[in-house]
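J.: Sequence and computational prediction follow.
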Amino acid sequence: MRLAKVIGQVVATIRSDRLGADKLALIAFIDLSGQEETAVAVAVDRLGAGEGEWVLVVGGSSARMSVDSTGQSPVDLSVVGIVDAVTSNKSTWFQKNQQR
């Protein structure tokens, strides 16, 4: 799993039947200093995370299984959790009610 921040949405009304109709979130991964990385990615989001929220993202077969129990969906990344807080060494990187 990796930490990421939802920075937007991707709308694709025409898509593979195997992809389904799930929301697509535009995400930026979070680095060791708690900041957004420059590269962005698209993740399937069945949880409905909003822009600015931090999320837990899984990739590969874990992402496919989170969307389709047969693992046959064409999915590389999937949001599997919406983060409430992240702490490390007695400091807080992120607190949902005090977003950066």
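T.: Looks like it arrived, so ask away.
J.: check contacts around the residue nearest to Arg46 when sequence neighbours are not counted.
T.: Spatial nearest neighbour of Arg46, chain neighbours left out: Asp22 (5.4 Å); criterion: C-beta to C-beta, 6 or more residues apart in numbering. (Each C-beta comes from the backbone N, C-alpha and C, glycine too.) Contacts of Asp22 were listed using C-beta atoms under 8 Å, 6 or more residues apart in numbering, and they are 44-46, 67.
J.: Give me the subset of those residues lying in helices.
T.: Judged by DSSP state H, these include Val67 as members of helices.
J.: now the contacts of Asp22 as JSON lines including pLDDT?
T.: Putting the contacts of Asp22 into JSON lines (pLDDT from 0 to 100) gives the following:
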{"residue": "Val44", "pLDDT": "94"}
{"residue": "Asp45", "pLDDT": "95"}
{"residue": "Arg46", "pLDDT": "91"}
{"residue": "Val67", "pLDDT": "77"}
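J.: the helices in this structure, which residues?
T.: Going by DSSP H, the chain shows helices at 61-67.
J.: In it, where is pLDDT below threshold?
T.: Scanning the chain for pLDDT under 70 picks out the ranges 69-71, 99-100.
J.: Excluding covalently adjacent residues, which one is nearest to the most centrally placed residue in it?
T.: Geometric centre of the chain, nearest residue: Val79, 3.8 Å, by C-alpha atoms, centre = their mean. Spatially, and ignoring its direct neighbours in sequence, Val79 is nearest to Asp45 (4.2 Å; C-beta to C-beta, 6+ apart).
J.: Any idea what that neighbour is bridged to?
T.: Lys23, Val79 (DSSP bridges).
J.: That one: neighbour count?
T.: Residues lying near Asp45 (other C-beta atoms under 10 Å) number 25.
J.: Contacts only, for it.
T.: Contacts of Asp45 (C-beta under 8 Å, 6+ apart): 6, 22-25, 55, 78-79.
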